[in-house]
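Enquirer: Structure for the following, please:
(chains A and B)
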Amino acid sequence: MTELAATDPLPKPKRDIAPILLPIAVALVMIPLIGSPSTWLTLTAASLAMGMMIFIMASGLTLVFGLMDVLNFGHGAFIAVGAYVATLVLAPFATSLQVDSLWMNLAVLAPAALLSMAVSGALGLIVERVLILPVYGQHLKQILMTTGGLIVAEQTLYAVWGPQIIPTPLPTSLRGSFILGDVAIAKYRVLATLIGLAVFIAIQLVLNRTKLGLLIRAGVENREMVEALGYRIRRLFLGVFMTGSALAGLGGVMWALYREQVHASMSDDLTVLIFIVVIIGGLGSIGGCFIGAILVAMIANYGGFLVPKLALVSNILLMVAILMWRPRGLYAVTSR
Amino acid sequence: MTDLLKLSGVHTHIGRYHILQGIDLAVAQGQTTMLLGRNGAGKTTTLRTIMGLWQASSGEIRLAGERIESRATPDIARLGVGYVPESMAVFSDLTVKENLVLAARDGPLDDTQLDWIFGFFPALRRFWLSRAGSLSGGQKQMLSIARAIIEPRKLLLIDEPTKGLAPAIVMALIECLKEIKRKGATILMVEQNFFAARELGDDVLVMDNGTIVHRGEMAALAADVPLQERLLGLSLETHQ
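Expert: Residues are numbered from 1 along each chain as shown, chains lettered A, B, ... in the order given. Modelled structure (predicted):
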């Protein structure tokens, strides 16, 4: 037999660490600008917590974009529905949430979060089958259908629970802060950061250590070839869409607890942030989404502290800067 | 000899373009059939239509007697059809190993099969854990072919495997495909490299404007220079 490709050895693939270093660089640059180390630490912790919550909400959307090439402008509906489900489920358990016991609080909170994920995931199933399935490959129709779906979901929440803000009770054991010297870090932010990291690690493990993950990564890159290898990618689409919707629901629960309230249009502002994260991270890239979420949160927190007047446009400026540096996002996975 | 693949009156439209205009062809079991023709003749469309990547608008496609023209691509692949596209379409973000793990649909990689493949393509063993995107063009083509043969397939559809490769790599690839032939594979191959076509082909089909304009033995076409010039606009002799 012939030896093919007795070619020169390949250069070792370079690890692209520049995007990973970016949030670290931003944080370090902010130290002298903010001045007070304790304020810097508090803002950094707040950024990490906010970033993790945004990441959880955006991770599903980036996979849906990357794998399915679906422009889902209705992703915010899953966030709002998840938040409402948790708020409504937690309301009758207010007494248990007021007990100063972490385990007692979590015993109520965890099932509520799981139920929210289940409801959002089930809603995802309906949306994919009813709204998305007829418009695969038709971007304009996808935008119209999913935007319409979002409006219907929001208006349903208005119609059933009214326009008022509904308080979401934060469990007693998650109130207050950890005090480290003169630095105060809110307990809930620590929990949010840990959950965000756990979700990130879990997604990375699934994507990199399982055949399902291989299929998702391959499908993000070339759906047609995955089908030509004999895999029914439509089922994979549905699974990813439902998982993304469930994660959005979890993000909604966490955001509701963070803000201690829900309202029907709560996802409107978040949706803008989430789209910015997905775009600057690179469509379909979980790693890019993770870094993008932290950057967006950093800009919101540091920017809000340093130049409050720029808070509204700061994330747009961030997106412009990133796209000028890397036009397809921090980590380009798809060719789209 | 039994026909493994048979197309009868197949038409394919892509948008408003009528690409395949009534294709009739047969690929015999255990034979390598070359599909030749000028650019735009419809060769790639024929392979993609067989694979279900573009739906035939009319006509009949049979694989081992079973009609497949309205089946989805994954179902056709599961009937034992391996596809090597012109673009190679390796998953560049995945390692060589991960590309092959995905291709071995029904279970873990078979060590014997893997050793057989490494015999042709030692580079794949060397870069087993490297990202496929970092491979050279020739190595990507090897990976693409390896992916198609990692499990036994009834039929291999191969689209221009030598395109853009260095002559030394082309020669090695031809040897590899000959070895795959010797194992009894049935192959339908689009090829623009006439030398490769002559080396590998048992039968030949020539396409023009979405129809088959010639069918016969490859050796006969290779020996008939006027016919080559009439069908293809050039002769094999000028492409050695």
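Enquirer: Check for me that B:I19 belongs to a helix.
Expert: No. Under DSSP: H, G, I helix; E, B strand; the rest coil, B:I19 falls outside any helix and is assigned strand.
Enquirer: Correct me if wrong: B:S8 contacts B:A26.
Expert: No. B:S8 is beyond contact range of B:A26, at 9.0 Å (criterion: Cβ atoms under 8 Å). Quick note: C-beta positions are derived from backbone N, CA and C, even for glycine.
Enquirer: who's more crowded, these two?
Expert: Using other Cβ atoms under 10 Å in any protein chain shown, the more surrounded residue of B:S8 and B:A26 is B:A26, with 18 against 14.
Enquirer: so what's that one scoring on pLDDT?
Expert: pLDDT recorded at B:A26 is 95.
Enquirer: ok, it - contacts?
Expert: B:D3, B:L5, B:K6, B:L7 (Cβ atoms under 8 Å, 6 or more residues apart in numbering or on different chains).
Enquirer: what about the longest helix along chain A and chain B, touching?
Expert: Secondary structure of chain A per DSSP state H: the longest helix is helix A:37-68. No. Using Cβ under 8 Å from any Cβ of the partner chain, helix A:37-68 never reaches chain B; the gap is at least 10.7 Å.
Enquirer: Let's test this: mean pLDDT of that helix, rounded?
Expert: So the average pLDDT for helix A:37-68 ends up being 92.
Enquirer: Can you give me the buried ones in it?
Expert: Within helix A:37-68, the residues scored as buried using 16 or more other Cβ atoms under 10 Å in any protein chain shown are A:40-68.
Enquirer: cool, stretch A:193-204 as well?
Expert: For stretch A:193-204, the neighbour count (16+ other Cβ under 10 Å) marks A:T193, A:I195, A:G196, A:V199, A:F200, A:I203 as buried.
Enquirer: Give me the lowest-pLDDT entry from the residues you listed.
Expert: Lowest confidence among the buried residues of stretch A:193-204: A:I203, with 93.
Enquirer: Contacts only, for that one.
Expert: For A:I203, counting by Cβ under 8 Å, 6+ apart, the contacting residues are A:S59, A:I286.
Enquirer: What of A:G292?
Expert: Here A:G292 is in contact with A:A58, A:I276, A:V277, A:V278, A:I279, A:I280, A:G281, A:I322, A:G329, A:L330 (Cβ under 8 Å, 6+ apart).
Enquirer: Which other helices and strands does the longest helix belonging to chain B contact?
Expert: Longest helix of chain B, by residue count under DSSP H: helix B:167-182. In terms of contacts (3 or more Cβ pairs under 8 Å, 6 or more residues apart in numbering or on different chains; DSSP states H and E), helix B:167-182 is packed against helix B:111-120, helix B:137-149, strand B:186-190, helix B:194-200.
Enquirer: Residues in a beta bridge with the spatially most central residue of chain B, which ones?
Expert: The residue lying closest to the centre of chain B (Cα atoms, centre = their mean) is B:I158, at 1.2 Å. Taking DSSP bridges as the rule, B:I158 bridges to B:V84, B:M189.
Enquirer: now it: how far from chain A?
Expert: Separation of B:I158 from chain A (Cβ to the nearest Cβ, to the nearest Å): 12 Å.
Enquirer: which ones are touching that residue?
Expert: B:V84, B:I145, B:A148, B:L177, B:I187, B:L188, B:M189, B:V190.
Enquirer: Switch those over to CSV; also include pLDDT and neighbour count.
Expert: Formatted as CSV, the contacts of B:I158 follow (pLDDT from 0 to 100; neighbours: other Cβ atoms under 10 Å in any protein chain shown):
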residue, pLDDT, neighbour count
B:V84, 95, 25
B:I145, 90, 24
B:A148, 90, 24
B:L177, 90, 24
B:I187, 96, 24
B:L188, 97, 26
B:M189, 96, 25
B:V190, 95, 24
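Enquirer: which of these lies closest to A:R232?
Expert: Of all these, A:R232 sits closest to B:A148, with 19.0 Å by Cβ to Cβ.
Enquirer: Show the contacting residues for the closest one.
Expert: Neighbouring residues of B:A148 by Cβ under 8 Å, 6+ apart: B:G82, B:Y83, B:V84, B:A103, B:L156, B:I158.
Enquirer: same question, B:P167
Expert: Applying Cβ under 8 Å, 6+ apart, no residues contact B:P167.
Enquirer: So, low pLDDT: which residues of the chain?
Expert: Looking at chain A here, since you left the chain open. A:1-14, A:334-336 (pLDDT under 70).
Enquirer: actually chain B
Expert: B:234-240.
Enquirer: swap the cut-off to 80 and go again
Expert: B:1, B:106-107, B:232-240 (pLDDT under 80).
Enquirer: would you turn the buried residues of stretch A:193-204 into JSON lines with secondary structure and distance to A:G76?
Expert: Formatted as JSON lines, those follow (DSSP: H, G, I helix; E, B strand; the rest coil; distance: Cβ to Cβ, whole Å):
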{"residue": "A:T193", "secondary structure": "helix", "distance to A:G76": "23"}
{"residue": "A:I195", "secondary structure": "helix", "distance to A:G76": "20"}
{"residue": "A:G196", "secondary structure": "helix", "distance to A:G76": "19"}
{"residue": "A:V199", "secondary structure": "helix", "distance to A:G76": "19"}
{"residue": "A:F200", "secondary structure": "helix", "distance to A:G76": "21"}
{"residue": "A:I203", "secondary structure": "helix", "distance to A:G76": "20"}
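Enquirer: Once you drop chain neighbours, what's closest to the residue in the stretch 201-336 of chain A positioned nearest to chain B?
Expert: Residue of the stretch 201-336 of chain A nearest chain B, by Cβ to the nearest Cβ: A:G230 (3.6 Å). Of all residues not flanking A:G230 in the chain, B:A77 sits nearest, at 3.6 Å (Cβ to Cβ, 6 or more residues apart in numbering or on different chains).
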